[in-house]
Each structure stands twice: as structure tokens, then as C-alpha cells.
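[1] Pasting the sequence and the predicted model now:
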Amino acid sequence: MADQKAPQMQATLGLTGLTSNAMALIAPGAFLWLTFFIQATTGVAGQPSTAPAMWAGIFAALLLCLATAVAYAEISKLYPGTGSSYYYAEQALLSKDKAFKYARVAKFVVGWGSHLYYWVYPGVMVGVTGVFVGYVVGFFYPSFISGANPGPVFMGLVAIVFSFFVAWIAAKGAGASTAVNIAINVVQISALIVFSVLALGYRVSHPTGSTGPTAFQYDTQTLSTYTYQFATDKTGATVRDASGTPQPLLDSAGKPVPYVITYPDKDASGNMLTHTSAVSVVVPHNLNWMFIQATVAILILVGFESVTSMGGEAKNPTKHIPIAVIASLLIQGLVCYLIEYFCANYFLNSGYTMQSAASSAAPIGDMMIIVGDWLLGPGHGKYFMFAEAITVFLALIGTTLSCMNTGARVTYAMGKDDEAPEHFGILHAESLSPRKAIWTLAVISAVIGVIAVSLVFADASAPTDATIAALPHGIFSSFGYSTHDKMAALPNSLLAITLTSNFGTFILYALSCFLCIVAFHKRPDHSFLKHTLIPGFGLIANLVCMGFYVAGPFFNLGTKMEPLTALGIAGVWGLYGAVYFLRSSKAKGKAVLLETKNVTT
């Protein structure tokens, strides 16, 4: 047990601060940019992707999260405190006359399982930050690094630096983190609204058959727009000059053939190209595809529960935390995400298809260049993209910071309970933050981030041999790329790490829904709707999504290597946790099953 005279957390956060911290983790401005590429490539290599169901998958994941959010909101009214579901598990079982003996086992299982989410998720964020920075740097310095395919070494170095930078902010305490997150929320929501309006406007103003000065064809190699059709050789490859600029197709008079915008549904292989109508964006197309997309989309919606770990820093936790949980998800998920993903998907056209998005490190950055050229004039879209990129970077700071704070506080709660190494349960005397847990998480995040970017262009996103050959030579650009066939045979490391985090999320959310049912069972204030039906739906929905991880690869649904890799990591983590728990209990003389209702603090 940690010394009771040690520094204690102070209640300084009101409703605005709590909601802002949760909103920062959900961060729609960042995730639209970051995960569109992952979602565009989700599927089985060599088969059509599940991208047509992207919006429907997000909506399905949103319903799952709303049910889970209700469970978190309700149980937080009963047990305000630091530790989130880890704390709830103990209190819920201690409140029962027969099940109390399993309280210690339950809280350890929940706490240990939540680390698969809270410790891996920041690593995903620092990894995608490496990809993001690589894209921006490659845009401005194409001779140094390719923006479409940045070098793994460069991205890994960015991930390391970013991880420790965010940890430095987190170590300063909840007050500093909250101030940063409030500012970031305002900036990123404003920026995504601007992009969404422009993307929608571009589609509406360019019906099928449009030509002229703003009917653009985008080239992912030069990261530029062109108003003419590209000339191709006998193999179908684009003809380029010495600088890599695509050459125009010439008509009989020797003039460039103007580009004509169309909205084709699929290519010859069945791969999605564009949505032919607004309705096509929102319909599931295929229920299996919708569930596959939902297993990825969960990454962009998680975070609403993060404020439940800040009960010790909330002024009125029983009133404000439940509101913050629901409000953050409704604002960011129901409003921001559904609008921006609709606009981004509806924007797709023959000049920039879903297949273009699947071959780029930053599809949303490409789209911003196109709409920027439309708004500001050809060649000026890069300035709009860069301005939006700055807001995305700020949002990345916010979401990584919020998750790092949450993960560190769960680890702190376990350390304080002597269920994890005791030094994790000590607060810094000045900042009143769990600094040891924060810096440990920084190291873990840096390592996971480096792993995530090591094979980010493998499996379905493997570049062609011609693309690899065209990369600038050097350790920061071409090192780590082999051949298309070799890279296509390997799992996509970023997707595998993302699915690992998501698997941890499904475990945690399913257990939290179950805990809500247990906590309110036979209580006089029990509501069938809020305490049985809604959390019951959340429990089943989370289990169904987890089932797709297990069954999907065997039924040729979705990608294969990445979910199996994620399952393997989760299995090793669970096995290690079981061994650690039993050995630790024996060494400390702690009973696995409680004999009395002793509450640990």
C-alpha cells in the first residue's frame, strides 16, 4: 500500500474541463486524417476492400459506444474515484453478498485488460504521427523523403520524439493538460467543418462530365493536381518526364485532352472507386463489411470513458462525470464524425478514388490539396493543406495526451492498490500527477510506435516495385522497403497494432457493460432500460465485434494476418497477466478470493 501521507490528487476540474479531456481523446479532426487510410485498405489482400461500408461501420461502432457510454455514466454515479473500470469492478462485486469474494480477481482482470487498450493506444497515436509528419515533410521536401511513402526510420524517430514530448506535458498535471485540450478542441472542430464544407461543395459543383479549370486529376506521386488526362504506356503506367511530372494525353491536334470527372462504382477487379450517390455513402452495402469496418472504427470513437479515471480530480464527480461521458461522444461522434466522414466519402471521384486513398500515406491531405486548389487556385491548395495539417498535429497532441493521462491513472490506481509495482501508485509532490506511470508509458508508446511504422506499407498497402524504385535513396526514405511481393506477404504493422488496441477496447467495454448490470442488480434505483437493456446491448455488441477478430480470418472476412497477430499479442498479454497475478499474490501473501468485504483503497 502506498503511504497515506503521500500527495493526493486535488479536485480542480469542472464539467467543461472533464468534457474537454474526453473530447480531446476522441479527436475527430485528427482521426479523419489518420484512419481514412487504414479504413480504405481494410479487407483481404487481392480481394475488394470493405471501404464502401466505411460510414455504416462508423455508425455501428457509434451505437456500440453509446451503449457503453451509458453504462459508464450510470456506474460512475455510484462509484466516483480514480481508476475507471478497474475501480468499478471492485466496488460492484463488493456490493454483492455472494459475489464479493471475486472482487480482487475481477478488478485485476479489468485493470490488466484495460492496459491492452490504454498502453497500446498511445503507441498507435505516436506511430500515426510519424506517418503524418512524414507526409508533410515529404510534400515540402520530395527529394529528401517521399510524402506518399515515408521512410520507416524517419517515421520511427518522429514517434519517439513525439511520445516523450506528450509525456512531458502530461507530467505537468491535470490543469496543464486540460488547458491544452480545450484550445485544441476549438481549433480542430473549426478546421474539420471548413474541410467538410469544401469537400461537399466540390462534389456538388462537379457533376458527371465536368471539365474545365477545376476538374482535377490528382497524382499521388507528385502530390499535385492536373486538368488533363495522363498519357499511359503499353502497360498502363503513367508516362512521366525526368522530374516525375505526369505527361498529358494529346489529341489529334497535339493539345492536352481535358480531364473529365466521372463517378465510377468499381474497377475491373471489383475494388471500390467512388460512391455514385449520397445514399451509397451511408448504406452498409454488406453487413459483414460493416462489422469489419466497425472493428477498425472503434479506434476513432474510444475515449469518452477517459474522464471516469479522473474522479479524484473532479469537483463534482457524481454529477459532472456522467454528463461528460455522454456529451463528449455525442459531440465528437454523432455530430463531427458522421458529418466529416460523409463529406470525405462523397467527395471521391474519378480524379481521386478510394484506390488513390489506399495508396497514399495521407488521403485526407490529398483531398485538402484538391479542394484547396479549387478554392484558392491551382498550386495553392498546398497552403490550405498545411494549415489544416497544423490543426491535425495539435489534435494528435490532444488525443495522445488524454489517453496517456488516462492510462497512467489506471496504472496509478493499480499501483496504489499494490496490484502493480508500488512505485506506480505515488504522485509527484508538485504536479500531483503519476509521473512514474507517465514516463513508463512514454517509453512503451515510443517502442510500440516504432513497431507500428516499421511495416506500415505492407500487406494490402504494399507499394509497387516502380514506386519503391522511385523513392529518394537514403536511410530516412528508402531503407526498410524491399519488393512489392515481399512486403505484400507481411502483415501491416500499423493495422496490427491498431487492432491490438481495439481488441483491448472491446474487452474493456464488454466488461464495463457487464459491471454496470452487476452493480445495479437488485438495487432500489435499478432501471431496466439504463441498467439492463442498454448495457446488455453494449455487452453483446462488443462480443460480436470481438467475434469478428476470431472468426473473420477463417471465413475469409476482412484482412487475415493483422487480426491474428493482434489476437496473439492479446493472448500473450493475458497469459502473462495471469502468471503475474498468481505469483504476486503468493509473494505478498494476498488471498486470490476474498473472505470478507474489505475495501482496498
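    Sure, I can see it. Numbers count the residues shown, from 1 in each chain.

[2] just the strands in this protein please.
    Along the chain, the segments classed as strands by DSSP state E run 217-219, 224-226.

[3] ok, now which ones touch the spatially closest residue to Val105 that is not a sequence neighbour?
    If the residues on either side of it in the chain are set aside, Val105 comes closest to Val592, at 6.3 Å by CB to CB, 6 or more residues apart in numbering. Every C-beta, even on glycine, is put in place using the N, C-alpha and C of the backbone. Contacts for Val592 (CB atoms under 8 Å, 6 or more residues apart in numbering) come out as 104-105, 581-582, 585.

[4] can you give me phi and psi for Val592?
    phi -70, psi -40 (degrees, to the nearest 10).

[5] Going along the chain, name the helices of the stretch 301-450 of the chain.
    For the stretch 301-450 of the chain, applying DSSP state H, counting those that start in this stretch gives helices covering 317-329, 338-347, 354-358, 363-376, 381-416, 435-454.

[6] pLDDT at the most far-flung residue of the chain relative to its centre, what is it?
    Here the chain has its C-alpha centre computed as a mean, and the residue farthest from that point, by CA atoms, centre = their mean, is Ala253 with 50.8 Å. What the model reports as pLDDT for Ala253 is 91.

[7] That one: what's it in contact with?
    Applying CB under 8 Å, 6+ apart, no residues contact Ala253.

[8] same check, this time on the one 10 residues further on
    Contacts were defined as CB under 8 Å, 6+ apart; by that measure Tyr263 touches 208, 274-276, 348-350.

[9] Out of the residues you listed, flag the one nearest to Pro258.
    When those are compared for distance to Pro258 (CB to CB), Ser350 wins out at 13.0 Å.

[10] Was I right to think Met354 contacts Thr41?
    No. Between Met354 and Thr41 there is no contact under CB atoms under 8 Å: 9.6 Å.

[11] Need the residues touching each of these two.
    By CB under 8 Å, 6+ apart, the residues touching both Met354 and Thr41 are Ser49.

[12] How many neighbouring residues does Pro322 have?
    By other CB atoms under 10 Å, the residues close to Pro322 number 21.

[13] again, but for Pro248
    Pro248: 18 neighbours (other CB under 10 Å).

[14] Do you know the pLDDT at Lys101?
    pLDDT, read off for Lys101, is 90.

[15] any idea how far Gly111 is from it?
    From Lys101 over to Gly111 the distance is 18 Å, taken as CB to CB, to the nearest Å.

[16] now do Pro491
    Where Gly111 is concerned, Pro491 sits at a distance of 29 Å (CB to CB).

[17] ok, the two, which is more surrounded?
    Between Pro491 and Gly111, Gly111 has the larger neighbour count (other CB under 10 Å), namely 26 against 20.

[18] How about the more buried one: what's its closest non-neighbour residue?
    Tyr86 (3.8 Å).

[19] where does the stretch 501-601 of the chain have low pLDDT?
    549, 552-559, 598-601 (pLDDT under 70).

[20] what are the ranges of the helices in the stretch 451-600 of the chain?
    465-469, 484-488, 493-520, 528, 534-551, 561-588.

[21] sorry, back to before: so which of the contacts of Tyr263 would you say is closest to Leu329?
    Nearest member of these to Leu329, counting by CB to CB, is His275, at 26.1 Å.

[22] right, so the helices of the stretch 451-600 of the chain: which one is the most enclosed?
    For the helices of the stretch 451-600 of the chain, the largest average neighbour count (mean count of other CB atoms under 10 Å) is found in helix 493-520, namely a mean of 26.

[23] and that one, how far from the chain's centre?
    Averaging C-alpha positions (CA atoms, centre = their mean, to the nearest Å) puts helix 493-520 14 Å from its chain's average.
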